[in-house]
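Colleague: just to be clear, the model below is a prediction. Sequence and coordinates:
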Amino acid sequence: MENLCRQLGVCTVVPAEWHWLMAAVVPLLVISLVAIPVANVLRRTGRSRWWTVLGFVPGLNLIALWVFAFSRWPTLDQPSS
């Protein structure tokens with residue numbers, strides 16, 4: 001871990017006492033980088049943003065994807081303005 005820290009150059013930026021924080025911050029960053037665009041796409045298609053939560057549950061994410069892909073999209077039924 002120390003070698004990787006030196007290669008990436010984060011050892012000098014983040015104090016050693018805070019390295020445990022990386023285990024909490026990095027997953028939250030990845031989740032937010034994925035969840036925000038997915039929620040916006042779902043909103044544009046007329047779905048609830050709560051479908052995004054299913055994307056992070058193993059197994060249910062595949063079922064949700066299939067349901068989402070093969071169901072009617074409410075916004076396609078509406079005339080565009």
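Modeller: Good, I have the coordinates.
Colleague: secondary structure element for the residue nearest the centre of the chain?
Modeller: In the chain, the residue lying closest to the centroid (CA atoms, centre = their mean) is Val34, at 2.5 Å. When secondary structure is defined by DSSP states H and E, Val34 falls within helix 22-44.
Colleague: any regions of this structure where pLDDT drops low?
Modeller: 1-2, 5, 9-11, 14, 75-81 (pLDDT under 70).
Colleague: which non-adjacent residue is nearest the residue nearest to the centre of the chain?
Modeller: Distance criterion CB to CB, 6 or more residues apart in numbering; nearest residue to Val34, sequence neighbours excluded, is Gly55 at 7.3 Å. Any C-beta I mention is one placed from the backbone N, CA and C, and that applies to glycine too.
Colleague: residues contacting that neighbour?
Modeller: Contacts for Gly55 were tallied using CB atoms under 8 Å, 6 or more residues apart in numbering; they are 34-35, 38, 61, 64.
Colleague: Arg43 too?
Modeller: With contacts defined as CB under 8 Å, 6+ apart, Arg43 is in contact with Arg49.
Colleague: quick one on the thing from earlier: list phi and psi for the residue nearest to Val34.
Modeller: Gly55 has phi and psi values of phi -70, psi -20 when expressed as degrees, to the nearest 10.
Colleague: same question for the one 4 residues further on.
Modeller: Backbone geometry at Gly59, expressed as degrees, to the nearest 10, gives phi 90, psi -50.
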